[in-house]
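In: fold the following and give me the result.
(chains A and B)
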Number of protein chains: 2
Amino acid sequence: MTGTVNPDRAEWDVVVIGTGPAGETAALYATRFSGLDAVMIEPELVGGECPFWACVPSKALLAPEHLLSAGRDLGGVRELLADRHLDVEGVLRRRDALVDHYDDTGFVGTALSWGVDVIRGKGRVTGEKTVEVNGRTIRARHAVVVATGSVPYCPDNPGLAEARPWFSRDVTAVREVPRRLLIVGGGLVACESATWLRALGAVQITMVERSDRLLPSQEPFAGVAVADSLRASGVDVRLRESVERVSREIVTDAGAGLVHGGPAVVLLAGGEELVVDEILVAAGRRPASTAAGLPERFTVDEHLNVDGHPWLYAVGDVSGESYLTHIGKYQGRVAGEVIAARATGAALDETPFNRHTDRIRAGSVAQVIFTDPEVGVAGLTEAAALARGHDVETVETDLSQVYGGRVQRDHYRGRAKLVVDRRTDTLLGATFVGTNIAELTHSATVAVTAGVPVRALWHAIGSFPTLSEVWSYLLEALDTQRMAWTSRS
Amino acid sequence: MTGTVNPDRAEWDVVVIGTGPAGETAALYATRFSGLDAVMIEPELVGGECPFWACVPSKALLAPEHLLSAGRDLGGVRELLADRHLDVEGVLRRRDALVDHYDDTGFVGTALSWGVDVIRGKGRVTGEKTVEVNGRTIRARHAVVVATGSVPYCPDNPGLAEARPWFSRDVTAVREVPRRLLIVGGGLVACESATWLRALGAVQITMVERSDRLLPSQEPFAGVAVADSLRASGVDVRLRESVERVSREIVTDAGAGLVHGGPAVVLLAGGEELVVDEILVAAGRRPASTAAGLPERFTVDEHLNVDGHPWLYAVGDVSGESYLTHIGKYQGRVAGEVIAARATGAALDETPFNRHTDRIRAGSVAQVIFTDPEVGVAGLTEAAALARGHDVETVETDLSQVYGGRVQRDHYRGRAKLVVDRRTDTLLGATFVGTNIAELTHSATVAVTAGVPVRALWHAIGSFPTLSEVWSYLLEALDTQRMAWTSRS
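Out: Predicted coordinates:
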């Protein structure tokens, strides 16, 4: 679908480079009530990484296994699953349906329905309010938004890049499940991929993570729970381990446009040699900034402006603030509102919780990792809070005795932790680990974001029997802890 | 387990009549940091209705069907469930395990571990700080807490009570699933029971509800969604219908202590005659007040004191404030803290969000109904908010397009609604209907309870792809609605 734009047109109020969740949200919020017009520029699929190659297909691949995992631990259901395995073809078909068979017609239609134009091509900032695309120069009357996302990082171990490893796109688009797989990394992409590939039948999965735990940026107990579970499912999790070098024969059939890789031989830093059929590199991402004409290093201010250029915005992964769809959308909302306000000559709002200031950097990012068990995080971990200089009090509780867990699994296991700011007695962060904690996480996100005092949370009563009852357990444990301190002092 | 109390002992600081969640929580909170001692009196199972005959067994019976319902709508899992049905014996065994086979040893042990004594017998308030049990008189130095719960209400239609109908205890303790069943009522117990009994194999279920919808105290779309789903599963839902009279032959075998009921013939108000094997009466509950020595009608103040008696407290169902376990526990916490403070001569706290004042009556009750779809409610419905005189703005959105739903079911259906106070721009209530919205509800409970402004909720970003993203959809729709009003005015 092209040709939606008059080829001679060279000026819009707002030019957005990149059409992922962050870019399209910026375009929508900049235009929806302001009368401004906008164009979005996209070299790949309109809609971006998330709906085609990241969150959506990965969750599509994980959902069936989450359900079966719970069912295998539930009397009355376990019995009827006993001799049954995931229907791999059914799961892949469902993934294909959820990614619209890699067809972006729906996203293009949505943009047009908003009155936002779309140009297919590679956009690049070339000067003030100036963007080059397909050899043409386009001018923005008010603002240019860069929302080009991020690209996976590949470590420079000898032979690794040459071995044509898989990255996140390849693993979410999997068609033939590799029999033997090496996963380089231990973060979200690594842990989620190991979960679904094992469920889909990968026989030998080895994960190597440099640090001493999986999910190294989360509370330690989260990574321990995920490692335990992956190991129990047969994944070989190697901590404090890394790849030394790789050798693999690649046969390129130029005529057919195909690349065949034979088995790869991997030497680990610890000295062991592995033979695998594929290598997944999940070692982090980098902002896709330079290709879009941004410097390699830059910062955005609280209005998402690049280095103080009031006409240039960076939102989503490329801003370097986080690599999360929902945060990208949020930044798109803030930038869009700022663009609309400035274009109409309105002063930026400076009242509390205004829409012109990105508050996410204040520490209220939430994230759910769809491993089994799930990991839900809102705000800061204890380590992050300490690093920011907060005077921190923490409390933890086991989830296995909460009825909300016991009713849904015969052996519910999980853990929850709160990080409280002693000075203000408000919540800085919370982490939940367990089956079906994904939605529970938002209760903490609301509390962290709004600065709800702990004394108010005492009155927010979770419904029985849901997992949200854990809040009462946590606050009760906090009382006991505080009482113990009082008695001692 | 008896004999844990010296039979000559006749005085405790606190006497609690009833050991359900409300009573035991009051005993714990009154004693845990205060040095007070307490005794709890219980004629049935220590632990009360909820863990043995209400929330816990009902959710145990529902959990397997919830899982299979989601699985039958999930490509990759659907295929392997195609020819399989719930293992009824397995489900009942699991229910029995979760209710500890109706053995209260665990609850007695917990009470004793807190230092709280237990007397088996029927307690009754007979005078100021005076309770009679097993013919003995016990005195409370500081407080008597009545936590005797509630009993089901049976309408007085001719023949109904004589037909020995089932009530909530019978249906949660079900061993033989009736083939043909009439359910009188359309509230929570009626809807949940219909869901699990149909899943467990009841062939013909007829529900009769007097009003024009199921779940009549909830937002209308909740009852519509549940009725649609029950009908699709084969339940015959009759609205604006009621029972006229019942006739049933009951054979009592006094020697064996058994009662056998033959088929019951039921005449409906609409004129139709039904023949059923059992009748479940789920027509509401009444506080169990008079048997405990309380008047039939009384009120509790914000400290849970009965009619201004500072030594007498009523918590849980018997208080008449709600019939929810978590609210009972909350009232137990408040009453326990008040008792501890007063006994030690401390003034009651009057600061915001203090622990001595029941805030639930301020409208922040949350509730999850485990039908399929689930219904989660926090705070006030629109109708309840209007009845309280609030100037109300509402917004609704469809959940079927939220990725958090689409990834977990192939045909996710659901709806969400916010009720906003125009004057303060804070949330008065929220309702969510859909699969797995149980935990999402707590995000609204926190917002309603803490009075979080809508402008702050705008920054509380739900993780992608979870259902909590619906908050952004709702707030976006609210913007559009407000903008439309602005343009019109």
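
In: can you tell me the closest non-neighbouring residue to residue A:334?
Out: residue A:358 (5.0 Å; C-beta to C-beta, 6 or more residues apart in numbering or on different chains). Every residue, glycine included, has its C-beta placed from N, CA and C.

In: kindly report the residues of the stretch 251-400 of chain A close to chain B.
Out: Contacts of the stretch 251-400 of chain A with chain B, taken as C-beta under 8 Å from any C-beta of the partner chain, map to A:324-327, A:329-330, A:352-355, A:359-360, A:364-368, A:376.

In: which of these are buried?
Out: A:324-327, A:329-330, A:353, A:355, A:359-360, A:364-368, A:376 (16 or more other C-beta atoms under 10 Å in any protein chain shown).

In: return the subset of the residues you listed lying in helices.
Out: A:325-327, A:329-330 (DSSP state H).

In: biggest separation within those, which pair?
Out: A:325 and A:330 (9.7 Å; C-beta to C-beta).

In: which positions in the stretch 1-150 of chain A make contact with chain B?
Out: So the stretch 1-150 of chain A meets chain B at A:21, A:32-33, A:50-51, A:55-56, A:59-60, A:63-64, A:67-68, A:70-71, A:74-81, A:84-88, A:90-94, A:97-98 (C-beta under 8 Å from any C-beta).

In: report the contact partners of the residue nearest the centre of chain A.
Out: Nearest to the mean C-alpha position of chain A, by C-alpha atoms, centre = their mean, lies residue A:324 at 3.8 Å. The neighbours of residue A:324, taking C-beta atoms under 8 Å, 6 or more residues apart in numbering or on different chains as the test, are A:365, A:367, B:463-464.

In: alpha carbons only: can I get stretch A:469-479 in CSV?
Out: Extracted in CSV, the C-alpha atoms of stretch A:469-479 (Å, rounded to 0.1, in the frame of the first residue of the first chain):
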residue,chain,number,x,y,z
GLU,A,469,-4.6,-10.0,48.7
VAL,A,470,-0.8,-10.2,48.9
TRP,A,471,-0.8,-6.4,49.5
SER,A,472,-2.3,-7.1,52.9
TYR,A,473,0.3,-9.7,53.7
LEU,A,474,3.0,-7.3,52.7
LEU,A,475,1.7,-4.5,54.8
GLU,A,476,1.2,-6.8,57.7
ALA,A,477,4.8,-8.0,57.4
LEU,A,478,5.9,-4.3,57.2
ASP,A,479,4.1,-3.6,60.5
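
In: just the buried positions in that stretch, please.
Out: A:469-476, A:478-479.

In: and which of the residues you listed is nearest residue B:454?
Out: Of these, the one sitting nearest to residue B:454 (C-beta to C-beta) turns out to be residue A:471, at 22.4 Å.

In: distance from the helix or strand harbouring the closest one to the middle of the chain?
Out: Residue A:471 belongs to helix A:470-488 when assigned by DSSP states H and E. Centroid displacement of helix A:470-488 relative to its chain, using C-alpha atoms, centre = their mean, to the nearest Å, is 33 Å.

In: same question, stretch A:362-378
Out: The answer for stretch A:362-378 is 9 Å, by C-alpha atoms, centre = their mean.

In: could you give the mean pLDDT of that stretch?
Out: Average pLDDT, stretch A:362-378: 94.

In: go on, stretch A:151-162?
Out: 96.

In: same thing with stretch A:182-200?
Out: On average, stretch A:182-200 scores 98.

In: is it anywhere near chain B?
Out: No. Counting by C-beta under 8 Å from any C-beta, chain B has no neighbours in stretch A:182-200; the shortest distance is 9.3 Å.

In: so what's residue A:286 up against?
Out: A:150-153.

In: so it bridges to which residues?
Out: Assessed by DSSP bridges, residue A:286 has beta-bridge partners residue A:151.

In: if I look at it, how far off is residue A:164?
Out: Distance of residue A:286 to residue A:164, given as C-beta to C-beta, to the nearest Å: 19 Å.

In: same question for residue A:24.
Out: From residue A:24 to residue A:164 the distance is 32 Å (C-beta to C-beta).

In: cool, residue A:133 as well?
Out: In this view, residue A:133 and residue A:164 are 30 Å apart by C-beta to C-beta.

In: more neighbours: the two, which one.
Out: A direct count of neighbours by other C-beta atoms under 10 Å in any protein chain shown for residue A:133 and residue A:164 places residue A:133 higher, at 20 against 16.

In: now do the helices in the stretch 351-489 of chain A.
Out: Using DSSP state H, counting those that start in this stretch, the helices of the stretch 351-489 of chain A run over A:382-387, A:403-406, A:441-450, A:454-457, A:470-488.

In: who's residue A:246 bridged to?
Out: Residue A:246 has these beta-bridge partners by DSSP bridges: residue A:266.

In: give me the number of residues near it?
Out: The burial count for residue A:246: 22, using other C-beta under 10 Å.

In: contacting residues for it?
Out: Residue A:246 neighbours (C-beta under 8 Å, 6+ apart): A:157-160, A:162-163, A:264-267, A:279.

In: which among the residues you listed gets closest to residue A:46?
Out: residue A:279 (30.6 Å).

In: okay, and the beta partners of the closest one?
Out: residue A:182.
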